[in-house]
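Structure, please.
(2 chains)
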Amino acid sequence: MATSTTAPDADQREPRAGSPARGPARRPRGPRRSLLPYLLLAPAVVLELAIHVIPMVVGVWMSLLELTQFHIRNWSTAPFIGLENYRATLDLNSAAGKELLHSFWVTLAYSLLSVGFAWLLGISAAVVLQRPFRGRAILRALFLTPYALPVYAAVITWSFLLQRDTGLVNHVLVDQLGLMNDRPFWLIGDNSFWSLLVVSVWRNWPFAFLCLMAGLQNVPGELYEAAAIDGAGFWRRLRSVTLPMLRPVNLVLLLVLFLWTFNDFNTPFVLFGGSAPEQADLISIHIYRSSFKTWDFGSGSAMSVALLLFLLVVSAAYLLITNRRRDDHA
Amino acid sequence: MSRRHLGIFTAAVLAAASLTACGGSGDDSAASPKTLTYWASNQGASLEADKTTLQPELDKFEKQTGIKVTLEVVPWSDLLNRLLAAAASGQGPDVVNIGNTWSASLQATGALVEFDDATLQAVGGKDRIVPAALAAAGAPGKPPAAVPLYSMAYSLYYNKKSFADAGITAAPTTWEQLAEYGKKLSTGGKWGLAIEGANPSENAHHAFTFSQQYGGEWFDSAGKPTFDTPQNVSAIKRYIDFMAADKITNPSNAEYAQNQSVSDFANGKAAMLLWQSAGSNLKTQNMPADAYGVAPVPFLASPPAGGKKVNSMVAGINMAVFKHTKNRDGALNFVKFMTSDEEQTILNRTYGSLPAVKTAASDPAFSAPEQKSIQETLVTTAAPLPQVPEESTFETLVGTAMKELFADAASGKPVTEESVKAKLTDAQQKMR
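This is a model prediction of the structure:
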């Protein structure tokens, strides 16, 4: 960073010294000056290309090939089959297409619910902890713990808790509280979706909490004072001061949380171990299974590309709508 | 965030990302002829236990040849993925253990050294190897893609005390008997049979055996899948029904994928278990060898037309060499060492499996009841899983379908001929 700020300064200072020659002397320097930023950006661009763009392009290329175990060692031998992989995976009359669609709806419901609950918990905790009181720092630290824990360690603990016979959840619900007669399954069947949701909310809400807490620091105290003088109660202040002031934070937070949750691989992978039950078959796991477990990387890539396009459209629409609204407000 | 902060943040993220990218490159295959990298499968009670078993042998090899072998024991849940990654990238280990059922699938990638007669000669000769084990080392009509290392087969393990308490005097020889005994044994929080219901591979192995007994096949002679034939539907239903209809299996077993069924058997929570070479695992869980009996896996009392007398797959571990190795001679030398009589005796004795070479098989170390039972099964009633390139896909798809059927059974949903057939048809449609 240091070089990037000093170098242009030095460049600018020189012509000022020889002021009479300023006009003509600037011209030959023009191209050099405009090269410098690109030069400085080059490492970042190269890395960005290597880490994101090229793998993405390769993924698109893979989706056009019949890339199975016969060709995985030498891709150039894989037959080019155009959009056949897309046709096969997105054909909603076939078993694979139906499962992909099912997985898509499960993922959508999971993402919306998870983001909704995480945000609700985050905003509640952030608002409650806004005012100083004894023990606030401890609570803040405590709330952030799920976010600080390594995901594998945290989720594997959940999978132990949720086992039917030996898990703590059933031990408390059935043995100690006697709320149910039968020991329910949490990791298979219909309950698996809700288990996954709970774990996901538990993991994600501290991030919402952190962002919203930071956002609240920027809300001027006078606004609350003025609102209080006008006789606004807690809910009114929340609705008319807090939420509008948090709008820029929420805008980014909701989008980021949605994208993360929609793409979430770690949580279901660790919780269910590779093959998730139908009711909790998130799309990331579904794609993993299609590529790695059945060794069909072409159709796995086709699903990934379709997913990428969907998320691009959703993100673009979201940004477009929220930006337009902001313009309206302005 | 100001622009400057944004810049710093971006730089930090990129730096971190490039660091992670560099992290993966330490796995290159050995460049020097004096080293080898070996991925072993998890045969003992833990990854650590395997290291303790194998390291002294590797040291012995280094003493003999001067070649240092770097060992990594890879858990089963990761092994196939990692082999596939190594095959795709041409990077990774020189010598690996593979599950013998994957032989044809991995062979199809073209990444493994072919063991033609000359190559087999270099590792000790074809004639030494048990023929059934060699048949499970690659597609028929092609040179094997691997060399057999450990041989195993399924047996029925039963708890002697539970049997005596229930007044049962001998191990069941038919599935009907097993179900009947299981009902007697499923009382007081204990269960008749433990099943690893959420483990697709384990499910698929049973799918094979039951299908053989019902006269079914998973692939036709042209290698096309035939998953949803009536024979296969009956076979799968018979197996799931131990939980769904006979209720001799704890519904919790529908969640089991980390060998909890072995633990349940060792702890006396279940009286019977169908497993390969469970002895060494049971020992580490403090179940003495005289507490359980070992019997052949049962058959159907009255097999339908075409039913085969098969009660196990030819199970085992093979050793393969990657073509990308830069030390081919050293790698073959290592395979020869590991399949030598001496090493075969030492290693198989530890793991409770059987030697894959004839000369070591007669060693008195393999005359315990468990090994006798495995030996008998392998010689008389075991058959190899279909050696077709799609085998690993079959294991995943059919094994997962069975996992879902167990989940249905556990949550009280009916498991019918129709529901089984629907699952198998779905699985078959996903094969390309």
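
so how many other residues sit close to B:Asn311?
The tally of other residues near B:Asn311 (other CB atoms under 10 Å in any protein chain shown) stands at 24. Where you see a C-beta, it was placed from the backbone N, CA and C, and this is true even at glycine.

tell me the mean pLDDT for the one helix or strand A:Ala44 maps to?
Assigned by DSSP states H and E, A:Ala44 belongs to helix A:22-48. Average pLDDT, helix A:22-48: 74.

for the record, mean pLDDT for the helix or strand just after that helix?
Using DSSP H and E, the helix or strand that directly follows helix A:22-48 along the chain is helix A:54-62. Across helix A:54-62, pLDDT averages out at 92.

Which residues does the next helix or strand along the chain from helix A:54-62 contact?
Sequence order places helix A:84-90 as the next helix or strand after helix A:54-62, per DSSP H and E. Helix A:84-90 has contacts (CB atoms under 8 Å, 6 or more residues apart in numbering or on different chains) with A:63-66, A:94, A:96-97, A:100, A:290, A:298-299, A:301-303, A:305-306, B:432.

Just give the nearest non-adjacent residue to the most centrally placed residue in chain B, would you?
Nearest residue to the geometric centre of chain B (CA atoms, centre = their mean): B:Gly99, 5.5 Å. Computed as CB to CB, 6 or more residues apart in numbering or on different chains, the closest residue to B:Gly99 that is not its neighbour in sequence is B:Ile317, at 6.6 Å.

What's the per-residue pLDDT of that neighbour here?
Here, the pLDDT recorded for B:Ile317 equals 96.

Low-confidence ranges, the stretch 251-400 of chain B, go.
The stretch 251-400 of chain B contains no residues with pLDDT under 70.

Do you have the strands of it handy? List them.
Using DSSP state E, counting those that start in this stretch, the strands found in the stretch 251-400 of chain B span residues B:270-276, B:292-295, B:312-313, B:315-321, B:354-355, B:382-383.

May I see those organised as a markdown table, with mean neighbour count added?
Output for the strands of the stretch 251-400 of chain B, formatted as a markdown table (neighbours: other CB atoms under 10 Å in any protein chain shown):
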| stretch | mean neighbour count |
| --- | --- |
| strand B:270-276 | 26 |
| strand B:292-295 | 20 |
| strand B:312-313 | 24 |
| strand B:315-321 | 27 |
| strand B:354-355 | 28 |
| strand B:382-383 | 21 |
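
Any idea which of those strands gets closest to B:Thr119?
Proximity to B:Thr119 (CB to CB) singles out strand B:315-321 among the strands of the stretch 251-400 of chain B, at 8.9 Å.

List the pairing partners of the closest one within its sheet, with orientation.
Neighbouring strands of strand B:315-321 in its sheet, by DSSP bridges, are strand B:95-99 (antiparallel), strand B:147-152 (antiparallel).

Look at residue 192 and say how many residues are nearby.
If you meant another chain, say so; for now it's chain A. Residues near A:Ser192, counting by other CB under 10 Å, number 23.

my question was about chain B
B:Gly192: 27 surrounding residues under other CB under 10 Å.

so what does the host helix or strand of it touch, helix or strand wise?
Using DSSP H and E, the element containing B:Gly192 is strand B:191-194. The elements that strand B:191-194 packs onto, with contact taken as 3 or more CB pairs under 8 Å, 6 or more residues apart in numbering or on different chains; DSSP states H and E, are helix B:175-185, helix B:260-266, strand B:270-276.

what's the pLDDT at the spatially most central residue of chain A?
Against the mean C-alpha coordinate of chain A, by CA atoms, centre = their mean, the closest residue is A:Trp260 at 1.9 Å. Note on A:Trp260: pLDDT of 93.

That one contacts A:Asn204, correct?
Yes - with contacts counted by CB atoms under 8 Å, A:Trp260 reaches A:Asn204, the gap being 7.3 Å.

Give the burial count for B:Trp102, as a bare number.
22.

swap in the one 4 residues further on?
Other residues lying near B:Leu106 total 27 when counted by other CB under 10 Å.

Export the host helix or strand of it to CSV, keeping only CA atoms.
If you go by DSSP H and E, B:Leu106 is part of helix B:103-108. Provided in CSV are the C-alpha atoms of helix B:103-108 (Å, rounded to 0.1, in the frame of the first residue of the first chain):
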residue,chain,number,x,y,z
SER,B,103,-10.5,-52.3,-9.2
ALA,B,104,-12.3,-52.1,-12.5
SER,B,105,-13.6,-48.6,-11.9
LEU,B,106,-10.1,-47.3,-11.2
GLN,B,107,-8.6,-49.4,-14.0
ALA,B,108,-10.9,-47.5,-16.4
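
outside of it, which residues touch it?
Contacts for helix B:103-108 (CB under 8 Å, 6+ apart): A:69-70, A:295, B:83, B:87, B:98, B:112, B:136-139, B:142, B:144-146, B:318, B:320, B:386-393.

where in chain A is pLDDT low?
Where chain A drops to pLDDT under 70, the residues are A:1-33, A:274, A:326-330.

what about 50?
Under the criterion pLDDT under 50, the flagged ranges of chain A are A:1-26.

From what I see, A:Pro277 and B:Glu404 are in contact.
Yes - using CB under 8 Å, A:Pro277 is in contact with B:Glu404, at 7.2 Å.

Now do stretch A:259-270: distance to the chain's middle.
9 Å (CA atoms, centre = their mean, to the nearest Å).

no wait, stretch B:218-234
Distance, stretch centre to chain centre, for stretch B:218-234: 21 Å (CA atoms, centre = their mean).

do stretch B:83-102 as well
Relative to the chain's own centre, stretch B:83-102 is displaced by 16 Å; criterion: CA atoms, centre = their mean.

quick one: the helices in the stretch 101-250 of chain A?
Along the stretch 101-250 of chain A, the segments classed as helices by DSSP state H, counting those that start in this stretch run A:136-148, A:151-161, A:168-170, A:191-217, A:221-229, A:234-237, A:243-245, A:247-262.

To chain B, which of these lies closest?
Of all the helices of the stretch 101-250 of chain A, it is helix A:191-217 that lies closest to chain B, at 8.7 Å by CB to the nearest CB.

For that closest one, name the packing helices and strands.
Right, helix A:191-217 is packed against helix A:95-128, helix A:136-148, helix A:151-161, helix A:247-262, helix A:266-272 by 3+ CB pairs under 8 Å, 6+ apart.

ok, now with 6 Å
Helices and strands touching helix A:191-217, by 3 or more CB pairs under 6 Å, 6 or more residues apart in numbering or on different chains; DSSP states H and E, are helix A:95-128, helix A:136-148, helix A:247-262, helix A:266-272.

residues contacting whatever residue of the stretch 1-150 of chain A ends up closest to chain B?
Proximity of the stretch 1-150 of chain A to chain B (CB to the nearest CB) peaks at A:Ala95, 3.9 Å away. Contacts of A:Ala95 were listed using CB atoms under 6 Å, 6 or more residues apart in numbering or on different chains, and they are B:426, B:429.

Can you tell me how far it is from A:Ser291?
With distances taken as CB to CB, to the nearest Å, A:Ala95 is found 17 Å from A:Ser291.

Go through stretch A:229-243 and flag the buried ones.
A:232, A:237, A:241-242 (16 or more other CB atoms under 10 Å in any protein chain shown).

Let me know the closest of these to chain B.
Distance to chain B across these (CB to the nearest CB) is lowest for A:Thr242, with 21.5 Å.
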